[in-house]
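Undergrad: Sequence and predicted structure, then a few things I'm wondering about:
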Amino acid sequence: VHRLITYIFVYEDLISLTCGAIIIWYFASSFEKNVGTVKHCFLTLSFAVLSALLYLLLEPVVLRVSEVEEAKGFMPVAFAMLGVSTTRSRMKRTLVLGVRVPAVLVPWFMLCVAWFIPHSSLLSNLCGLLAGEAYGLGYCFCLDFPESVGSKLDQVFPFSLLKRIPGLKYIPGSLAERRAFDSSKTNPAPGTYPTQSYYCSSPPALPAFQMQHPSAQCQGFQHSCALG
């Protein structure tokens, strides 16, 4: 039973491991920014189990037609996250290789591209995509939980420990906290950026003889002329 989850950590060689790391960095990180770290961890496990169960259900049928590659790696979960993002996105069209295509077709295009990745299982990736599409369309509503639950789980172990690890970016579960977190990056607090202080020197003091009243200067001039 444990293999329903542990298969996402199995890789055949360094090439598949590198591709899996890139997929995790690109797809999983963007998905985590939208739902929070708590829900991201929960949905990762849920998508892994759903993809595995669907794979076990369809494998006997596909084996009658052709050989089936074993389900390995994080790619099925990444396709599930991609399916959720495209079904719930407000963007109708996007650019793919310079051509505007419907956004809902992007995961299917990526599915064809992933076919050429070494040791990639087309059936497991398809199962992950179908699981993500079903969740994005609302058929797996039982996997959703309120943001208040996510905020409470942020304070519970092990998530409370993850927040304290330096260098680890933890995404809060509340939407308001995520927006505040994003705004703090775009609008930094005063004093965050280094500033240059300018020194305005006071104007030089006038000589004593220039500060005298003009009438006094004239009297002094007349006195000196009289003495001459």
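TA: Nice, thanks for sending it over.

Undergrad: And the helices in the chain, which stretches?
TA: All helices of the chain, identified by DSSP state H, fall at 3-6, 14-23, 29-35, 37-63, 75-87, 106-114, 122-136, 147-153, 159-162, 175-186, 214-227.

Undergrad: Sketch out the low-pLDDT regions of the protein for me.
TA: Scanning the chain for pLDDT under 70 picks out 176, 178, 181-228.

Undergrad: how deep is Ala180 tucked in, by neighbour count?
TA: As a burial measure, Ala180 scores 11 neighbours (other C-beta atoms under 10 Å). No exception for glycine: its C-beta is placed from N, CA and C like everyone else's.

Undergrad: gap between stretch 70-82 and the chain center?
TA: In terms of C-alpha atoms, centre = their mean, to the nearest Å, the centre of stretch 70-82 is found 19 Å from the chain centre.

Undergrad: And the helices of the chain: which comes nearest Val96?
TA: If you check each of these against Val96 by C-beta to C-beta, helix 106-114 wins as the nearest, at 6.1 Å.

Undergrad: which other residues reach the closest one?
TA: If you take C-beta atoms under 8 Å, 6 or more residues apart in numbering as the criterion, helix 106-114 is touched by 75, 79, 82-83, 86, 94, 96, 101, 120, 122, 125-126, 129, 132-133.

Undergrad: if you set the cut-off to 7 Å instead, what comes out?
TA: The contact list for helix 106-114 (C-beta atoms under 7 Å, 6 or more residues apart in numbering) reads 75, 79, 82-83, 86, 94, 96, 120, 125-126, 129.

Undergrad: Equivalent analysis for stretch 70-78, please.
TA: 7-8, 10-12, 16, 20, 23-24, 27-28, 44, 47-48, 51-52, 55, 114, 119-121, 124-125, 127-128.
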